[in-house]
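**Q** After the sequence you'll find the predicted model.
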Amino acid sequence: MYPVDIENVTVAYHKKPVLQDISMQVPEGKLIGIIGPNGAGKSTLIKAILGLIPRASGDVSIYGKTYSKQRKKIGYVPQRGSVDWDFPTNALDVVLMGRYGHIGWLKRPKKSDVGLARICLDKVGMLDYADRQISQLSGGQQQRVFLARALCQDADIYFMDEPFVGVDAATERAIITLLTELKQKGKTVLVVHHDLQTAEDYFDWILLLNLRKIAFGPTEQVFTIDNLQKAYGGRLAFLKDKVMVEGSQG
């Protein structure tokens, strides 16, 4: 039974398909990068899996059941730009939100829940900011807090939408270290990622996407120049055996 099983998923906006006929079976305990050009449907795929947007067709199962029956098994880190950072709450309370699936929305967190939230903040280097309003944190610090919230859920599957965007190098290293630790614990982690320079180093498996599935499998099999050209078309430049999207930096 696969952590995520996607069959013939199509998503359309205003009758225009933005994802077409996506099928794949996600293996357990892998760190998986979802990669493709802007507008390829990467974030849309995650939202379709999680039921955040309607699917025009197709089915998704989480360990053989619908998402609604498996919510506790899933942790989700959305794009930072989609979050209302002016909401009046502190970092510790944000992380405690990750426990609500276990304790219920109307029940108060136990001391053990608060203790776990503090441990998760400590893991991402944010324990000293537990009482700080999230609006007062930098972009990298906010991302660390949301990662701590996902850790606090103690999920089996994690979906992360562009977690490295807008963070400094130290935060990026901290995030990839934590994702690797999750994988080593047998968790399945799917990450929307845009930097082709780091993709080979970061991920065990890669999904190359451009409205349709271009390729999905172990990184050494999928991350080839042929597949990248199929995904990105003529927007690739090749420098010293490295591949980058034309117009990008670094």
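**A** In hand now; what should we look at?
**Q** how close does Ile206 get to Ile119?
**A** Using C-beta to C-beta, to the nearest Å, Ile206 is found at 31 Å from Ile119. Glycine gets a C-beta too; all of them are placed from N, C-alpha and C.
**Q** so who does Tyr63 touch?
**A** 1-3, 70, 73, 156 (C-beta atoms under 8 Å, 6 or more residues apart in numbering).
**Q** sorry, back to before: compare Ile206 and Ile119 (neighbour count), which wins?
**A** Ile206 (26 against 14; other C-beta atoms under 10 Å).
**Q** mind listing what the more buried one touches?
**A** Here Ile206 is in contact with 32-35, 199, 215-217, 219, 222-223 (criterion: C-beta under 8 Å, 6+ apart).
**Q** do that again at 7 Å, thanks
**A** Going by C-beta atoms under 7 Å, 6 or more residues apart in numbering, Ile206 touches 32-33, 35, 199, 219, 222-223.
**Q** isn't there a strand covering it?
**A** Yes - assessed by DSSP: H, G, I helix; E, B strand; the rest coil, Ile206 belongs to a strand.
**Q** So what's the residue count around Leu151?
**A** Counted with other C-beta under 10 Å, Leu151 comes out at 25.
**Q** Ignore what I typed, I meant Pro27.
**A** Neighbours of Pro27 (other C-beta under 10 Å): 15.
**Q** Now do the contacts for it.
**A** Pro27 touches Trp205, counting by C-beta under 7 Å, 6+ apart.
**Q** What of the one 5 residues further on?
**A** Contacts were defined as C-beta under 7 Å, 6+ apart; by that measure Ile32 touches 26, 189-191, 203-207.
**Q** just to revisit the earlier point, format the contacts of Ile206 as JSON lines; extra columns: distance to Gln79 and secondary structure.
**A** Listed next are the contacts of Ile206 as JSON lines, based on distance: C-beta to C-beta, whole Å; DSSP: H, G, I helix; E, B strand; the rest coil:
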{"residue": "Ile32", "distance to Gln79": "18", "secondary structure": "strand"}
{"residue": "Gly33", "distance to Gln79": "16", "secondary structure": "strand"}
{"residue": "Ile35", "distance to Gln79": "16", "secondary structure": "strand"}
{"residue": "Ala199", "distance to Gln79": "18", "secondary structure": "helix"}
{"residue": "Thr219", "distance to Gln79": "23", "secondary structure": "helix"}
{"residue": "Val222", "distance to Gln79": "24", "secondary structure": "helix"}
{"residue": "Phe223", "distance to Gln79": "23", "secondary structure": "coil"}
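**Q** so what's Thr180 up against?
**A** Neighbour list for Thr180: Leu31 [criterion: C-beta under 7 Å, 6+ apart].
**Q** Show me where this structure dips below the pLDDT cut-off.
**A** 81-83, 85, 102-106, 234-235, 237-250 (pLDDT under 70).
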